[in-house]
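In: Would you be able to build a 3D model of this:
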Amino acid sequence: MSSAVSYPSCVRRSRRRWAVAVCLPVFCVLQVNVTREARCEESRHQCPQQLADFDESQLELAFVKGIEFLISTQRYDGGWGGPQWTGGVDSDPVPGAFRSFDIAVTAMCLEALLADTKGGRSIEQARLRALRFLLDRTGTIKRAGPTDLPNVWAHCYCIQTFSRLHQLSASQAERSTLAAAIRMHMTGLERWQSIHGGWFYYGSGMSQPINPSCSFVNAAVLVALARAKKIGVEADGRMVTRAIEATKMMRKPDSSFMYTMRVPTDKARAMALINRPCGSLGRSQAGNVALRLWGDKHITDEVLKEWLGRLITRHGWLDMGRKRPIPHESHAAVAGYFYYFGMYYGGLCISQLPDDERQLYQQHLADRIIKRQEQDGSWFDYPLYSYHKPYGTAFALLTLEHCKQESSVLKQ
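Out: This is a model prediction of the structure:
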């Protein structure tokens with residue numbers, strides 16, 4: 001027969017103090033984490049207000065300085081950037097990764113030069129050298145290694161830039177050359193599409209990649225393919241459909257996007273910080289505009305405006321990661337390279353809005369871009385070898401193009 005043990009009151013008080021001493025710090029840590037996560041998930045957010053002191057002339061000045069930077073830093077062979085170390089931690093396969101980076105970044109810089117409608121002899125020469133560089137290397141791009149596929153970026157931005165050149169060209173011969181080059185890059189995308197639909201710059205498997213696709217890579221490629229479709233060069237229908245479905249699968253009800261996803265059960269990670277609105281801030285603009293361009297009725301003007309508003313009012317989530325050398329080391333696992341990527345695709349979202357609803361967002365995005373220009377006229381957000389300033393400057397200039405009140409690209 002058992003009997004209850006009775007402890008003296010001093011022992012009972014001591015045990016209670018011990019329990020409080022051990023449990024209280026744990027509770028406080030949990031409470032801080034819950035509060036922090038609740039803050040980044042706050043459903044109601046402030047709407048951006050009109051800027052009272054925005055100066056349109058500063059936009060034009062920043063744009064000119066950025067163009068001058070690209071012209072002055074173009075390589076002799078027509079490309080931009082290189083494998084020189086600038087403080088980052090990346091370790092990519094030699095030489096394949098750098099060949100892909102060369103092509104992707106040069107395509108971006110060429111499109112940025114196309115955004116300068118005033119032109120000039122130096123700009124025209126830089127454009128011709130860059131185009132020659134890209135055309136000479138079309139059809140030669142390969143995967144960098146068994147697990148590395150940076151060539152996806154090269155295919156993506158060559159298609160986008162060649163499509164824009166095709167629209168601008170008055171020469172039938174040049175348009176035919178560009179259309180043929182676009183089709184070759186589409187063949188490359190089809191070859192390296194993941195078995196799950198979509199693309200990623202990592203890809204295990206010696207034949208077709210078996211890695212899951214990535215929402216923002218899918219979005220960038222879909223935007224490029226939509227531009228090619230406008231000039232009459234259409235990609236394989238099955239390839240496009242699979243990419244759209246893969247991207248939709250990663251979209252959450254609030255139109256934020258998961259980073260990557262293989263199968264529907266991966267949605268178990270949907271509440272990880274990288275997959276919440278704060279972590280998705282640099283991806284959501286690209287995902288939304290890509291699906292909008294391919295006819296998704298869920299991406300309404302209201303969705304675009306909500307996420308442009310978030311990009312402006314919650315801009316700090318991206319800005320805290322800007323220039324950090326280690327990917328995803330910032331809050332909400334934001335990587336530095338999402339800053340100007342997110343701004344550029346935010347500019348594309350603006351182009352989808354009615355004329356009378358653009359100015360507010362144009363001024364806010366331009367204001368942030370102008371204030372972050374470096375003294376040499378460049379922009380950068382992540383130390384990717386010496387490609388960092390060329391690609392950052394290209395994204396920034398193309399964003400400013402969408403922020404101009406009378407931008408021709410908006411009319412297109």
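
In: Figure out how far stretch 184-193 is from the centre of its chain.
Out: Here the centre of mass of C-alpha atoms in stretch 184-193, compared against the chain's by Cα atoms, centre = their mean, to the nearest Å, lies 20 Å away.

In: Could you report the neighbour count for M258?
Out: Applying other Cβ atoms under 10 Å, we find 24 residues neighbouring M258. Glycine gets a C-beta too; all of them are placed from N, C-alpha and C.

In: And S57, by the same measure?
Out: Residues near S57, counting by other Cβ under 10 Å, number 7.

In: since we're on S91, how many residues are nearby?
Out: Per other Cβ under 10 Å, the neighbour tally for S91 reads 7.

In: If you could redo that for R183, that was the one I meant.
Out: Close neighbours of R183, defined as other Cβ under 10 Å, add up to 16.

In: so it sits right up against G232, yeah?
Out: No: proximity of R183 to G232 does not meet the contact threshold set by Cβ atoms under 8 Å, at 11.3 Å.

In: Pull the contacting residues for Q208.
Out: Contacts here follow Cβ atoms under 8 Å, 6 or more residues apart in numbering; on that basis Q208 touches R191, W192, Q193, S194, I195.

In: how about it, phi and psi?
Out: The phi and psi torsions at Q208 (degrees, to the nearest 10) take the values phi -70, psi 140.

In: Read off the pLDDT value for K267.
Out: The score at K267 is 82. That number is its pLDDT.

In: Also S14?
Out: pLDDT, the model's per-residue confidence, is 56 for S14.

In: Look up how far R372 lies from R75.
Out: 25 Å (Cβ to Cβ, to the nearest Å).

In: no, scratch that, I was asking about G295
Out: The spacing between G295 and R372, counted by Cβ to Cβ, is 34 Å.

In: Neighbour count: those two, which is higher?
Out: Applying other Cβ under 10 Å to G295 and R372 shows that R372 carries more neighbours, namely 19 against 9.

In: pLDDT on the host helix or strand of G309, on average?
Out: Here G309 sits within helix 301-313, counting by DSSP states H and E. Averaged across helix 301-313, pLDDT comes to 98.

In: Would you map the helices across the stretch 151-300 of the chain?
Out: Secondary structure of the stretch 151-300 of the chain (DSSP state H, counting those that start in this stretch): helices at 151-168, 172-191, 215-230, 237-250, 281-293.

In: give the contact list for the spatially most central residue of the chain.
Out: The geometric centre of the chain, computed from its C-alpha atoms, lies nearest to F341 (Cα atoms, centre = their mean), at 3.4 Å. Shown in contact with F341 (Cβ under 8 Å, 6+ apart): F216, G282, A286, F395.

In: how much space between T393 and I71?
Out: Distance of T393 to I71, computed by Cβ to Cβ: 11 Å.

In: who has more neighbours, the two?
Out: Under the criterion of other Cβ under 10 Å, the comparison of T393 against I71 puts T393 first, with 29 against 18.

In: The more buried one touches F69, doesn't it?
Out: Yes: shown here, T393 and F69 form a contact pair, counting by Cβ under 8 Å, at 5.8 Å.

In: between those two, what contacts are shared?
Out: The contact lists of T393 and F69 share G377, S378, where a contact means Cβ under 8 Å, 6+ apart.

In: quick revisit: list only buried entries from the contacts of Q208.
Out: Among the contacts of Q208, those buried by neighbour count (16 or more other Cβ atoms under 10 Å) are W192, Q193, S194, I195.

In: Roughly how far does the last one sit from D376?
Out: Meaning I195. Counting by Cβ to Cβ, the gap from I195 to D376 is 44 Å.

In: do the same with S207
Out: Using Cβ to Cβ, we find S207 at a distance of 44 Å from D376.
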